[in-house]
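In: Whatever this is, show me its structure:
(2 chains)
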Amino acid sequence: MASGKAMDAVWGVEPTPTAIKLRRLFYSGAHFLHSHIAHFYALAAPDFVMGPDADPAVRNVLGVIGKVGLEIGGQVIKARAYAQQIQTMLGGKATHPSWMLPGGVSKGLTEEERKEIEEMAKFEVEFAKFTLKLFEDVVLKNRAYMDLILSDGYRLVTNYMGLVDENNRVDFYDGKVRVVDTEGKELYKYAPREYLDYVAEHVEPYSYLKYPYLKKLGWQGFVEGPGTSIYTAAPLGRLNAADGMKTPLAQEAYEKFYDTLGGKPVHNVLAAHWARVIELMQAAEELYELATDPEITSPDIRNIPTYTPKEGVAIIEAPRGTLTHHYITDENGIVQQANLIVGTTNNNAPISMAIKKAAMMVIKPGLEIDHGLLNIVEMAFRAYDPCLSCATHAILGEVPLTVNVYDAEGNLVKSLSRR
Amino acid sequence: MRREKVVVLGCGNLLAGDDGVGIEVLRRLEEEGVPPGVALVEAGAPGLGLLDFMVGAERVVIVDAVAGGGPPGEVVRWREEEIPAVRGRALTVHDVGIREALAWGRRAAPGAMPREVVVIGIRVAGTEAWHMGLSPAVAAAVPEAARRVRAEIERRPGAS
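Out: Below is the predicted model of the structure:
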């Protein structure tokens, strides 16, 4: 979606209103649902439903289903399948769809398809309501989990970033990038083409994943608190950077989120799971709104570009954070130079810092280091829903995470690894 | 909500050498055409997400690369109960094997799962990241694998 939007910019063409709605239906609705459902049920829920220190053999999605009920498993599968089917219906295939064109899309929606999507969207709205309720029952009503979420070890004070619409509400597909400071006050609001004025990337020799920061504040190192140039993106970043959600039920949940956690901005790393479920609600509601929009079946799905292609920037919100694509092309639109800032990349510094804080919280002198402890550290990582293969362009197929424990003299005491 | 009764899932990664053979077989079927009521789906490497593509289908044919166990290019057919389990511990939801994903789907949502799942596997020499294209023996097996998938599509449900 980001590359498709960047090609609109390269070719200097605006998509038709129906094309924009179809793209939103695919992306802000179906794609976000598909991604957020997977993260919540497969990656986040095991820590809370089974417990942070549960045996890894049961701390997984199968354990969750076994505990909350097999019928819930069926609903999860159905909700994911519907989202996938909607993407396939529109894009030809769900992953790497060949559907986006400069100025629009290659295929519209028939009335028969629209009716099918409307039915699936009704189910998704009910499923999102259920998921919010499940989060409330399992996490919010559990004092120990709330203490964990609110603990200092899972608290990181940074700036926040997210795409917002003209009313400063969370928008996954389009708008301006808004950045708020550690107190929640607006620092910047910029159009995608201006991104290089606001974001720069720091490089560390030990990683080939860069560390973006707020350029006007300068790189100040891995420091948190007022004045830091580190920012957080993804669900927590988006909610903190916005003034609200676009849809009614998501807005209701948004208000409860800040009422419960003590106002804006929320700096609690694990609160990202709740923020993600609130976004799930917005995605479902937006899917339904668009599926019932009279214009969605219009055949007016593309504006033909007439401009000679040159350069373009697009920014969307990927489920894992603000996603920037910047292309410079030749006169035939063939890309000559490209710069991408991938969703997870934005969160590289916060992830590193959050892991360190969680480790410092639990690793104490004389304490045996075990898998339960390792998982508490990993939970800080998991809250960001990172996709390091996207961010680093690596396809190792493993999680090369190692925790090294040193004594006060700097000697390695123990090393625990997932390899 | 799925309208097609038979779903053919091409699994694998075109950027990992022979691992992309499932996708190549699917593309061949696409070129040759399939009867109405059959969906051809590029599934990638979905892990547990495999179930997303199956909901609502009556029969599913999975086409995938198979590592080892015979000469590269050999085409094998497994019924659901014959699909080998993944050895070792899965690290992510993408590491869940076909057998494990199906077992969970059948437990969690029996009504939504297909009545029958068959795997057409193509043995590969090895997979290589960041390499496009199949090795000669595996490329030569694509027509045979496509023929076997077509036989599955046309086979009467329940007959083995």
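In: Quick check, residue A:43 in contact with residue A:385.
Out: Yes - assessed by CB atoms under 8 Å, residue A:43 is found in contact with residue A:385 at 7.1 Å. For the C-beta atoms, the positions are set from N, CA and C on the backbone; glycine is no exception.
In: Looking at those two, which one has more neighbours?
Out: Neighbour count, other CB atoms under 10 Å in any protein chain shown: between residue A:43 and residue A:385, residue A:385 has more, with 25 against 17.
In: Remind me which helix or strand the more buried one belongs to.
Out: Counting by DSSP states H and E, there is no helix or strand that carries residue A:385.
In: how about residue 5, what does it touch?
Out: Picked chain A for this. A:100, A:174, A:314, A:316, A:325 (CB atoms under 8 Å, 6 or more residues apart in numbering or on different chains).
In: I was after chain B.
Out: Counting by CB under 8 Å, 6+ apart, residue B:5 touches B:37-38, B:57-59.
In: Buried subset of those residues, written for ChimeraX?
Out: In ChimeraX, a selection of the buried entries from those looks like this (16 or more other CB atoms under 10 Å in any protein chain shown):
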select /B:38,57,59
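In: would a markdown table of the contacts of residue B:5 with secondary structure be doable?
Out: As requested, the contacts of residue B:5 are exported to a markdown table (DSSP: H, G, I helix; E, B strand; the rest coil):
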| residue | secondary structure |
| --- | --- |
| B:37 | coil |
| B:38 | strand |
| B:57 | coil |
| B:58 | coil |
| B:59 | strand |
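In: from the contacts of residue B:5, which single one is nearest residue A:187?
Out: Nearest to residue A:187, judged by CB to CB, of these is residue B:57 at 50.2 Å.
In: what about residue B:70, neighbour count?
Out: Residue B:70 - counted by other CB under 10 Å - has 11 other residues nearby.
In: which ones are touching it?
Out: Taking CB under 8 Å, 6+ apart, we find residue B:70 in contact with B:76, B:123.
In: repeat for residue A:228
Out: Counting by CB under 8 Å, 6+ apart, residue A:228 touches A:157-159, A:182, A:217, A:220.
In: Out of the residues you listed, just show me the ones up against chain B, please.
Out: Among these, no residue is within reach of chain B (CB under 8 Å from any CB of the partner chain).
In: show me the contacts for the residue of the stretch 201-350 of chain A found nearest chain B.
Out: Residue of the stretch 201-350 of chain A nearest chain B, by CB to the nearest CB: residue A:291 (12.5 Å). Neighbouring residues of residue A:291 by CB under 8 Å, 6+ apart: A:25, A:29, A:114, A:117-118, A:120-121.
In: I figured residue B:68 hits residue B:125, correct?
Out: No - with contact defined as CB under 8 Å, residue B:68 does not reach residue B:125; the gap is 9.3 Å.
In: So for these two, which residue has more residues nearby?
Out: Counting neighbours by other CB under 10 Å for residue B:68 and for residue B:125 shows that residue B:125 has the greater number, 18 against 9.
In: was I right about the more buried one contacting residue B:137?
Out: Yes - counting by CB under 8 Å, residue B:125 touches residue B:137, with 6.9 Å between them.
In: Can you get me a residue count around residue 23?
Out: Reading this off chain A. Count around residue A:23 with other CB under 10 Å applied: 25.
In: nope, chain B please
Out: A count of nearby residues for residue B:23, using other CB under 10 Å, gives 20.
In: returning to that earlier point: what is in contact with residue B:125 and residue B:137 at once?
Out: With contacts taken as CB under 8 Å, 6+ apart, the residues that reach both residue B:125 and residue B:137 are residue B:72.
In: all strands for the chain, in order.
Out: Defaulting to chain A. Ranges of strands within chain A are A:100-101, A:104-105, A:159-164, A:176-180, A:186-190, A:199-202, A:211-214, A:231-232, A:311-318, A:321-329, A:335-341, A:402-406, A:412-417, based on DSSP state E.
In: my question was about chain B
Out: In chain B, the strands defined using DSSP E lie at B:6-11, B:38-44, B:59-67, B:75-79, B:116-124.
In: Could you say which one of those comes nearest to residue B:107?
Out: Taking the strands of chain B one by one with CB to CB, strand B:116-124 is closest: 14.5 Å.
In: Walk me through which strands that closest one pairs with, and which way each runs.
Out: Applying DSSP bridges, strand B:116-124 is found paired with strand B:59-67 (parallel), strand B:75-79 (antiparallel).
In: so the first one versus strand B:38-44, what angle?
Out: Read it as strand B:59-67. If you take axes from the mean of the first three to the mean of the last three CA atoms, to 10 degrees, strand B:59-67 sits at 30 degrees to strand B:38-44.
In: What average pLDDT does strand B:59-67 get?
Out: Averaging pLDDT along strand B:59-67 yields 94.
In: List of residues touching it?
Out: By CB under 8 Å, 6+ apart, the residues outside strand B:59-67 that reach it are B:5-12, B:18-22, B:25-26, B:43, B:50, B:53-54, B:76, B:98, B:114-124, B:126-127, B:138, B:145, B:149, B:152-153, B:157.
In: cutoff 7 Å now
Out: Outside strand B:59-67, the residues within contact range by CB atoms under 7 Å, 6 or more residues apart in numbering or on different chains are B:5-12, B:18-19, B:21-22, B:25-26, B:54, B:76, B:98, B:114-124, B:127, B:145, B:149, B:152-153, B:157.
In: likewise stretch A:114-121?
Out: With contact meaning CB under 7 Å, 6+ apart, stretch A:114-121 is reached by A:82, A:86, A:284, A:287-288, A:291-292, A:296-297, B:1.
In: For it, buried residues please.
Out: So for stretch A:114-121, counting by 16+ other CB under 10 Å, buried means A:114, A:116-117, A:120-121.
In: before we move on, what about stretch A:124-135?
Out: Buried, per 16+ other CB under 10 Å, within stretch A:124-135: A:124-125, A:127-129, A:131-132, A:134-135.
In: Let me know the average pLDDT across stretch A:126-136.
Out: 96.
In: ok, back up a step: of the strands paired with strand B:116-124, which stretch is the most buried?
Out: Mean neighbour count (mean count of other CB atoms under 10 Å in any protein chain shown) peaks for strand B:59-67 among those, with a mean of 23.
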